[in-house]
Structure formats: structure tokens, C-alpha cells
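Undergrad: Below are the sequence and a predicted model for it; my questions follow.
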Amino acid sequence: MKTIHGKQWVRGLLSSLVAGLVLFGGTSEAHARRLCVKWEIRTEDSGGAVPNGPNAGDTEDKYSGADGGANASALGVRVRISRPGWAQTYNTEPSTGCITWNEDNGYSGNYDVRVYGYQTDANDNYVRIHTGSNSTCSSYPGSTYSYLVTDYDPSSGTDTMRVGDEIARWTTQAMMGYSLYRYHDGIYGKDFHVAFDTRSSCGSSAHYGSSNSYITQGRHCLRVSDCSSDNDRRWKFIIAHEFGHALAAIHYGDKDGASNGGEPGSDTGWSASTTGSGCSGGTYSIGTVEWSSIAFREGFAHFIAGRVFNDRILDGSTGYHEGAFNWQGGGSGSTAEDLQRPNKGSLSASQSRYDDYCCTANGSCGSGTGAGIIGDWHRFLWDFYTNQGFLGACTTMPTKLNMLWLYTRTRLLGGLTRSNYFSKMQQGVEDMNLPSCLETGMFNAYADLNGIDQ
């Protein structure tokens, strides 16, 4: 066994090859070889510890040390192995990141290996990074980025090829591919196209231009910011968050009655006053007050990102894992949100949710207003998914697919406005054929606990 370190990366056009297609000539006699591909990545938001409460010191479960660099298996990645006059294209196995390929016995030279920013999963979905527009969503935008390794001399055992050199765009691809691996339940044959936004004022988003305009056709476009003022290419939670938006929309878009476009009634214009040291200013943050349309949308994307990097139950454990979530933190000494307690693990009898201290005393985001706080919706979804049955006998836990159906049932109901997403979601869960103690009892109990039942 040997390890190969690639040192040259280039951009390349991904042609519509199928795995194992022989481009030139053939092999009269071949030796089977084994090659495993790994991304060399470096993040900037991994390993932030929850600072307060009973979960203090805990971090996320997956790639928690990646700020110092890590090797990530290139699961389902597309590779092209070639020599003069001969080439084959494969997808590595979606569970191992490895391929078994046939070396031509009559050839004595070395090979080139091109690794594409294109990863598939067991359900025939793919996610790719490309050079195309970050404002439109054509059928197959741009050219797929690729990384070239030259002079590969295969051994008779299993070779490991490390590619990426910790370059930021490959960290984006690796974390997009990992997100697809961790959460692809209920979707089949779908396409996720990721562009990089390099404008002077740029941002990461799954809601722009025509990005949502083809979800009934099975494709979604995303962009990750790549500019001096806002560079998210190494922020794994933001990458998985944008993937979460696209995943939920694609699952909904595949159903009868779905329509293209974003969540109806989405309105970022909540402007009532809020107070409290733990309440964020602006929009789209953990502690910002929003119309329920935005709290629903962002809460779901947070939930999916949280699930990508946290396990519900730790391996070998009989208990439940609470989880950590780092949103726009990053850097040495950064801290993370507790997925079950607000304000980074702070918890008291009077402040068990964000709206206990983010709303003014006159109830500006209280009952009946149709407002909510993104962090509260995020924790509600995590609580519902990790249901511990604190009311007694109900210990059924929803699956990841159940959670996507919760999103989808809500959107399929129709009649959505900026302020009625909770009541619509409450109707949607009752159509999911879950145990009644879960779809009514625990759903409503967690909604009340987290203050989203406005």
C-alpha cells in the first residue's frame, strides 16, 4: 500500500462520461488495482465548544478537528485514470471513497488521475462545484473544477491518493459531498450545482435568481461566497446549511402539487423592537426575531446542517447526544451553540428559549404575532428529531426522512403567509402517519418548550 500526494490542481470540463467507460482502445489483459481518494481539507469553524450548561465542553461529532487540517474520504467522487491512448472514468464507492480499476498489463508507464469536484451517493444524486454563473441555474452550469495528479504508479495493493492541498474550494466540495452522504434520505437522481460568488459584495445562498426555479425538475443551484468581505468556503456549517436549504426544497419539489420557487411568503422585514443581551441584531442569525416564514426556512437548514455533523445517539451509547452547532463563529477559541439549550448552553427557569429574553416586555414577538426566532425553531426541530419522551411513554423518534416530510407536508398545504408557518406545520405533522403521541403530544410539547407556537 502506498500514499500519493497530488500537488497540481486545474479546472476541467466534466464530460458526460459514465463510470468505467473506455475512451480509447481497450485492454487485452488487465490487473485489478485498488485506489482510495481523500480530500485534504481545512475548515475555519470546527471544534467550537459549548461554553455553558451541562453540555459545556462538548463539540460536534464530525470533523471537529478540521481547523488544523484533515483528510476526508472522497465518497462517490468522479475520477478519470488515463495514459496516452487510453482512459477510464469511475465514481468511487459512495461508502468508501475507493475504486477497483483495471490496469493494462501491457503498459509499463505511469498514469494521470484527474479528480473532479463531483460526488455521487447511493441514490444517484450528485453535488458538484463549477465555474459558472452564481446568479442563474441552467441545466448544467459552468465547467466542473478538477484536480490533476500526474505520474501515478499504481502498486499491487491499495493506494491512497490525497488531493486538494487544503485549498478552500476543495474543502467546500468535500463538505458538500459529506453533507450529501450524511443526509440524502428520500431523494433519488437529483442534482446540486454549487457556484462561487466572487462579487465585491457577495454571499452564500440557496435563494437567489433562478436557484429555486427547477426544483420540480430535480435540480437546485447554490452559491458559496468567495470574496474578501465574506469568504465561506471553509465554513462547514454554512456549507451544510446551504445544502440543507436545497435538500429540503428538492424533496418537496419531487411531490405532486409542488411548484418551483422558494418558500411562499418569505419576508425578512420583521422590524418590531427586541431587547436582551442574548438577542442578535440584523437578520438570519441564531437569536434574531423573524416572521415565522423565515424562522421555518432557516431553522430547517440549520437542523440539516446540525444533523450532518452531529449524531443523534453516539456509537455504543444508550443515551442521547445533545450536539453542538457553530454558526458564523470560527477562529481560535470559538464557541458553539448547544442544540438543546439557548444562548450557547445557558439555561434558567425564566430563560429556557430565546424569546424569553429577545422580546420586549410588551410581547412584540409573543402569542399571535406570527413571529419566531431562528434558534428556537432550530432547537425545536432537533428536540423533535431526538425525542426523549419527557412526557412519559412516547419514545418514538422521527427518522431523517420524517423530518424532510415535515418540511414538505407544510409546503404542500398551501395558503402559506409570512406569519402562519407554525399553524401550517402543525397541520402538516398530522398528515404524516406518525404515532399520535409524537405527532400531537410531543410535537406540541416541544413547540411550547421552545416558544415557536406563536
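TA: Yep, it's here.
Undergrad: Which residue is most remote from the mean position of the protein?
TA: For the chain, the residue at maximal distance from the C-alpha centroid (C-alpha atoms, centre = their mean) is residue 106, at 44.5 Å.
Undergrad: quick one: what helix or strand has residue 381 in it?
TA: Using DSSP states H and E, residue 381 maps to helix 374-385.
Undergrad: Over to residue 103?
TA: strand 98-104.
Undergrad: list the helices and strands that strand packs on?
TA: The contact analysis (3 or more C-beta pairs under 8 Å, 6 or more residues apart in numbering; DSSP states H and E) places strand 98-104 against strand 30-41, strand 77-83, strand 86-91. Where C-beta positions appear, they are placed from N, C-alpha and C, glycine not excepted.
Undergrad: Mind checking those strands for the one nearest to residue 171?
TA: Smallest distance to residue 171 across the helices and strands packed on strand 98-104 (C-beta to C-beta): 4.2 Å, for strand 30-41.
Undergrad: Now the phi/psi pair for residue 228, please.
TA: phi -60, psi -30 (degrees, to the nearest 10).
Undergrad: Now do the helix holding residue 381: everything it contacts.
TA: The contact list for helix 374-385 (C-beta atoms under 8 Å, 6 or more residues apart in numbering) reads 284-288, 290, 294-296, 298-300, 302-303, 306-307, 312, 323, 325, 337, 339-342, 353-355, 397-398, 400, 403, 406, 442-443, 446-447, 449-452.
Undergrad: same thing but 6 Å
TA: 286-287, 295, 298-299, 302-303, 339, 353-354, 398, 403, 446, 450-452 (C-beta atoms under 6 Å, 6 or more residues apart in numbering).
Undergrad: So which of these is the closest to residue 436?
TA: The nearest one, if we look at the contacts of helix 374-385 relative to residue 436 and count by C-beta to C-beta, is residue 398, at 13.6 Å.
Undergrad: Identify the residue spatially nearest to the closest one, adjacent ones excluded.
TA: Leaving aside its chain neighbours, residue 398 sits nearest to residue 385 (5.5 Å; criterion: C-beta to C-beta, 6 or more residues apart in numbering).
Undergrad: repeat for residue 132
TA: Closest to residue 132 by C-beta to C-beta, 6+ apart is residue 142, at 2.4 Å.
Undergrad: Okay, residue 179 and residue 326: tell me how far apart.
TA: Noted for residue 179: a distance of 15 Å to residue 326, by C-beta to C-beta, to the nearest Å.
Undergrad: center of this protein, which residue is that?
TA: Central residue of the chain (C-alpha atoms, centre = their mean): residue 240, at 2.4 Å.
Undergrad: so it touches residue 305, yeah?
TA: Yes: contact criterion C-beta atoms under 6 Å: residue 240 and residue 305 qualify, at 3.7 Å.
Undergrad: Quick one: classify the residue nearest to the centre of the chain as helix, strand or coil.
TA: Secondary structure assignment for residue 240 (DSSP: H, G, I helix; E, B strand; the rest coil): helix.
Undergrad: Equivalent analysis for the one 4 residues further on, please.
TA: Assigned by three-state DSSP, the conformation of residue 244 is helix.
Undergrad: Tell me where the stretch 351-454 of the chain has strands.
TA: Ranges of strands in the stretch 351-454 of the chain, per DSSP state E, counting those that start in this stretch, are 371-373.
Undergrad: mind checking pLDDT for the closest residue to residue 191 other than its chain neighbours?
TA: Excluding the flanking residues, the one nearest residue 191 by C-beta to C-beta, 6+ apart is residue 219, at 4.0 Å. Listed pLDDT for residue 219 reads 98.
Undergrad: got it, and residue 17?
TA: You'll see residue 17 listed with a pLDDT of 38.
Undergrad: Just give me the neighbour total for the nearest residue to residue 145 once chain neighbours are set aside.
TA: Excluding the flanking residues, the one nearest residue 145 by C-beta to C-beta, 6+ apart is residue 117, at 4.0 Å. Residue 117 is flanked by 31 other residues according to other C-beta atoms under 10 Å.
Undergrad: And for residue 284?
TA: Residue 284: 14 neighbours (other C-beta under 10 Å).
Undergrad: what's the pLDDT at the closest residue to it other than its chain neighbours?
TA: Among residues not flanking residue 284 along the chain, residue 298 sits closest, at 6.2 Å (C-beta to C-beta, 6+ apart). Residue 298 is assigned a pLDDT of 95 by the prediction.
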